[in-house]
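**Student:** Need a 3D model of the sequence below.
(chains A and B)
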Amino acid sequence: MEPLNDTLDAACLQVFGKISAAVSHDLKNVLAIVNENAGLLDDLALRAAKGGEIPLDRLNVATSRMLKQVKRGDAVLKNLNRFAHTTDAPLLQGNVAETVALMVDLAGRQAAMRETVLTVAPDAAMISTCLVYLESFVYLLLRHALEVLPRKESVEIAVAAEGETVCIRLVNPAGLPLIQDDVFPGAQEKALMERLKIDLQALPGTVALRLPASLA
Amino acid sequence: MDERVLLIDDEQDFMDVLAERMRDRGMRVSTTTSAVEALDKADEENFDAIILDLMMPEMNGLEALTRLREKNPDLQIILLTGHATVEKGIEAMKLGALDFLEKPIDIQALNAKIKEAKAHKMLLVEKRTEEAIKNIIGCKGW
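**Tutor:** Numbering: from 1, shown residues only, chains lettered A, B, ... in the order given. So this is what the prediction gives:
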């Protein structure tokens, strides 16, 4: 990767830190559930060793819970791995909606804490840009919107190709503000916007980001 | 054992299986995924120990800890979390938590902590009873 300037570096580090904290929390919960179910199987085995009966339904529930958590942990790690690999090259091509959906997944824990639903509509629009900066900006925007919106709200995200640019639009159906404009964008977000040539327009209930489809 | 325990955690699968294992060990366990509902349950029932998650949607664990202790300072609350940091642990202890444990937890260690909570609570109750008796004797001048 090309050398980062201090502000961009700090922004990306902050995003990596926040995502690592959320992912490690998720994985701790996954391990805790697997641990309890393994413990339950151990309890049942001890009971059987003393001549007690093993209830099959309890065995089935325990194993299905463990399999469910393995799938959950795998999904969390796949997302983290995808995000980590966007630092592989200074410019990468990617599907915009899938990139935004990845950041929505990675912000999932915060959304769950705020009981807020984030949805991304699939779209074929592609982008060639510094993906790690775009992901970092989208993540910071999502985290900010989750703080600004009241609990139990929703944000619908749509992507569209507009000639030489790509538009990412966030909409709250109730028309509530998604950003607090004296806070967002801050210095880090402004540095990311400048690097990615993002034009941000905010109206109550809507935030639209327009950026070049090809940064090269 | 017969300890009365309230488990509060937004991870339903975790709470269900932990409660199942605790019941197998003779404890009476109530569960809820909601910190708000937990406040009501703590009013309705007398628990020897409350096991509380740190991060929950409606109210975070530290706020729930504060509100539970405001309602009843004798409540013995153990924070159990996948989001442990030294700062949060210190904050929880300052707010009156009995302990701050990290997931995944060893059930023997948790059982020991619950027994400690029950013993601690009994001591507090005995102390209050003794004080009440002293007050009555003092007032009546017997």
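**Student:** Residue A:129 reaches residue A:215, doesn't it?
**Tutor:** Yes. Using CB atoms under 8 Å, residue A:129 is in contact with residue A:215, at 4.3 Å. Placement of C-beta: from N, CA and C, glycine included.
**Student:** and chain A, what are its domains?
**Tutor:** A:6-85, A:90-212 (automatic domain parsing).
**Student:** and the shortest one, anywhere near chain B?
**Tutor:** Yes. Remark: domain A:6-85 sits within contact range of chain B at A:21, A:24-26, A:28-29, A:31-37, A:39-40, A:43, A:58, A:62, A:65, A:68-69, by CB under 8 Å from any CB of the partner chain.
**Student:** Cross those residues against helices and list the overlap.
**Tutor:** Counting by DSSP state H, the part of the residues of domain A:6-85 next to chain B found in helices is A:21, A:24-26, A:28-29, A:31-37, A:39-40, A:43, A:58, A:62, A:65, A:68-69.
**Student:** How many residues are close by residue 52?
**Tutor:** Using chain A here. Residues lying near residue A:52 (other CB atoms under 10 Å in any protein chain shown) number 10.
**Student:** nope, chain B
**Tutor:** Number of residues near residue B:52 (other CB under 10 Å) recorded here: 25.
**Student:** could you list every residue that touches it?
**Tutor:** Going by CB atoms under 8 Å, 6 or more residues apart in numbering or on different chains, residue B:52 touches B:8, B:9, B:35, B:38, B:61, B:64, B:65, B:68, B:77, B:78, B:79, B:80.
**Student:** pretty sure residue A:114 contacts residue A:154?
**Tutor:** No. In this structure, residue A:114 is not within contact of residue A:154 by CB under 8 Å, at 10.7 Å.
**Student:** Helices along chain B, start to end?
**Tutor:** B:12-24, B:35-44, B:61-71, B:86-94, B:107-140.
**Student:** in the longest one, what counts as buried?
**Tutor:** It stands for helix B:107-140. For helix B:107-140, a neighbour-count test (16 or more other CB atoms under 10 Å in any protein chain shown) marks B:107, B:110, B:111, B:113, B:114, B:117, B:118, B:121 as buried.
**Student:** What's the per-residue pLDDT of residue A:67 here?
**Tutor:** Predicted confidence (pLDDT) for residue A:67: 97.
**Student:** Phi and psi next, for the residue lying closest to residue A:32 once chain neighbours are set aside.
**Tutor:** Sequence neighbours aside, residue B:103 is the residue nearest to residue A:32 in space, at 3.7 Å (criterion: CB to CB, 6 or more residues apart in numbering or on different chains). Backbone torsions for residue B:103, taken as degrees, to the nearest 10, come to phi -80, psi 150.
**Student:** I figured residue B:103 hits residue B:54, correct?
**Tutor:** No. Look at residue B:103 against residue B:54 with CB under 8 Å: they stay out of range, at 9.7 Å.
**Student:** Between the two, which contacts overlap?
**Tutor:** In contact with both residue B:103 and residue B:54: B:80, B:81, using CB under 8 Å, 6+ apart.
**Student:** Next, find the distance separating residue B:17 from residue A:64.
**Tutor:** Distance from residue B:17 to residue A:64, counting by CB to CB, to the nearest Å: 11 Å.
**Student:** Look at those two and report which has more neighbours.
**Tutor:** Using other CB under 10 Å, the more surrounded residue of residue B:17 and residue A:64 is residue B:17, with 24 against 11.
**Student:** Can you tell me the closest non-neighbouring residue to the more buried one?
**Tutor:** Distances taken as CB to CB, 6+ apart put residue A:36 closest to residue B:17, at 4.2 Å, once the chain neighbours are dropped.
**Student:** Tally up the residues packed near that neighbour, please.
**Tutor:** Number of residues near residue A:36 (other CB under 10 Å) recorded here: 27.
**Student:** Let me know the pLDDT of it.
**Tutor:** 97.
**Student:** was I right about it contacting residue B:15?
**Tutor:** No. Contact between residue A:36 and residue B:15 fails when scored by CB under 8 Å: they sit 9.3 Å apart.
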